[in-house]
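Undergrad: Sharing a sequence plus its predicted fold:
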Amino acid sequence: MIRAVLFDFGDTLFRRAGEAQGIVEIAERHDCPVDPDAARAIWTEIHERAKSPGEIALARDLSPEAHRREWTRLFSMADVVLPGMGRALYERETDPNLWVPYPDTVPCLEALRALGVPMGVVSDTGWDIRSVFSVRGLDRFIDAWVLSFEHGAVKPAGILFELACEELGVSPGEALMVGDNSMTDGGAVAVGIPTIIFPQVAEGAPRGLSCLERILCGD
C-alpha cells in the first residue's frame with residue numbers, strides 16, 4: 001500500500017517559465033535578436049547535455065558554488081548568440097518567480113492532501129528550491145525536503161530517498177517516487193521504492209500527474 005509520495009522538482013512538478021524564450025528575451029534586451037527556432041535548438045542542446053552521465057558526474061548539485069559554476073558553463077553554450085548569455089540564463093534559473101507548475105501540479109497536490117497522503121521533494125539542486133514553492137503558496141503541501149546540497153549526496157544515492165521516507169514516517173516499500181530521469185530518480189528503486197518516470201511533454205501540456213490519485217485509490 002502506498003502511504004506517501006516523493007516528487008522530483010524540475011521537469012516533474014515545475015518547469016522553467018518560457019524555457020528557450022529566455023534566450024530570445026535576453027537577446028532582445030541587448031538589441032541582438034535571435035531566431036526563436038535557433039534559440040530552441042540551443043536550449044534543447046543545453047538540457048540534453050545537462051542530463052548526460054558526464055555532466056551529472058561533475059557533482060554540480062553538491063554546493064551553491066558548484067551549481068553556479070557548472071550551470072553557468074552549460075548555459076554559456078548560448079554565448080554564441082550574445083556574450084554573457086550564460087550568466088544571464090543562470091540568474092533566470094535561480095529566480096523562483098521564473099519556475100511555473102505544470103497545469104496538473106496543483107490539482108495533484110490538492111488531491112493527495114485530501115487523501116491524507118504525506119508528500120516529500122527529493123531534488124538534486126544547488127540552491128534552495130523551497131522558495132519556488134513558497135511564492136506559489138505550494139510549500140504547505142510538502143512535508144519533507146531532501147535537497148542534495150544540504151546532504152552531500154546526489155541521486156541516485158539511496159540515502160536521499162531513505163531520508164525522505166524517514167521524515168515522512170514510512171518504509172521505502174510504502175512510498176512512491178515520481179520523477180523524470182531514470183538515471184537519477186530511478187535510484188529509488190534500489191532501496192525498494194516503487195517509481196514512476198514520466199516522459200517529457202510539450203511546453204504548457206499537463207505532466208500526467210492525475211494518474212497518481214487513481215493509483216493511490218486503487219482505480
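TA: All right, it came through fine.
Undergrad: so where do the helices sit in this protein?
TA: Listed in chain order, the helices found in the chain under DSSP state H are 21-29, 36-50, 53-56, 64-75, 85-93, 105-114, 130-135, 148-151, 158-168, 187-190, 211-217.
Undergrad: nearest to Gly120, of those helices?
TA: Distance to Gly120, taken as CB to CB, is lowest for helix 158-168 among these, at 4.2 Å. From N, CA and C alone the C-beta is placed, and that goes for glycine too.
Undergrad: what helices or strands is the closest one leaning on?
TA: When contacts are defined as 3 or more CB pairs under 8 Å, 6 or more residues apart in numbering; DSSP states H and E, helix 158-168 packs onto strand 4-7, strand 119-123, strand 144-147, helix 148-151, strand 175-179, helix 187-190.
Undergrad: could you dump these to CSV with mean pLDDT?
TA: As requested, these are exported to CSV (pLDDT from 0 to 100):
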stretch, mean pLDDT
strand 4-7, 98
strand 119-123, 98
strand 144-147, 98
helix 148-151, 97
strand 175-179, 98
helix 187-190, 96
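Undergrad: buried residues in the one helix or strand in the chain whose mean pLDDT sits lowest?
TA: Every helix and strand of the chain was ranked by mean pLDDT, DSSP states H and E. The lowest is helix 53-56, at a mean of 87. Using 16 or more other CB atoms under 10 Å as the test for burial, helix 53-56 gives Ile56.
Undergrad: what's in contact with it?
TA: Contact with helix 53-56 is made by 49, 70, 74, 154, 183-184, as judged by CB atoms under 8 Å, 6 or more residues apart in numbering.
Undergrad: same check, this time on stretch 174-191
TA: Residues from elsewhere that reach stretch 174-191, judged by CB under 8 Å, 6+ apart: 1-8, 10-12, 51, 53, 56, 122, 124, 154-158, 160-162, 164-165, 168, 172, 193-200, 209, 212, 215-216.
Undergrad: out of the helices of the chain, which comes closest to Ile142?
TA: Per CB to CB, nearest to Ile142 of the helices of the chain: helix 130-135, 6.2 Å.
Undergrad: In that closest one, which residues are buried?
TA: Buried residues in helix 130-135, counting neighbours by 16+ other CB under 10 Å, are found at 132-133.
Undergrad: do stretch 60-71 as well
TA: Neighbour counts using 16+ other CB under 10 Å place 60-62, 67-68, 70-71 of stretch 60-71 among the buried residues.
Undergrad: What of stretch 181-201?
TA: 181, 184-189, 191, 193, 195-198.
Undergrad: so can I have CSV of the helices of the chain showing distance to Met177?
TA: Shown next, in CSV, are the helices of the chain (distance: least, CB to CB, whole Å):
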stretch, distance to Met177
helix 21-29, 29
helix 36-50, 21
helix 53-56, 17
helix 64-75, 22
helix 85-93, 24
helix 105-114, 14
helix 130-135, 18
helix 148-151, 15
helix 158-168, 6
helix 187-190, 4
helix 211-217, 11
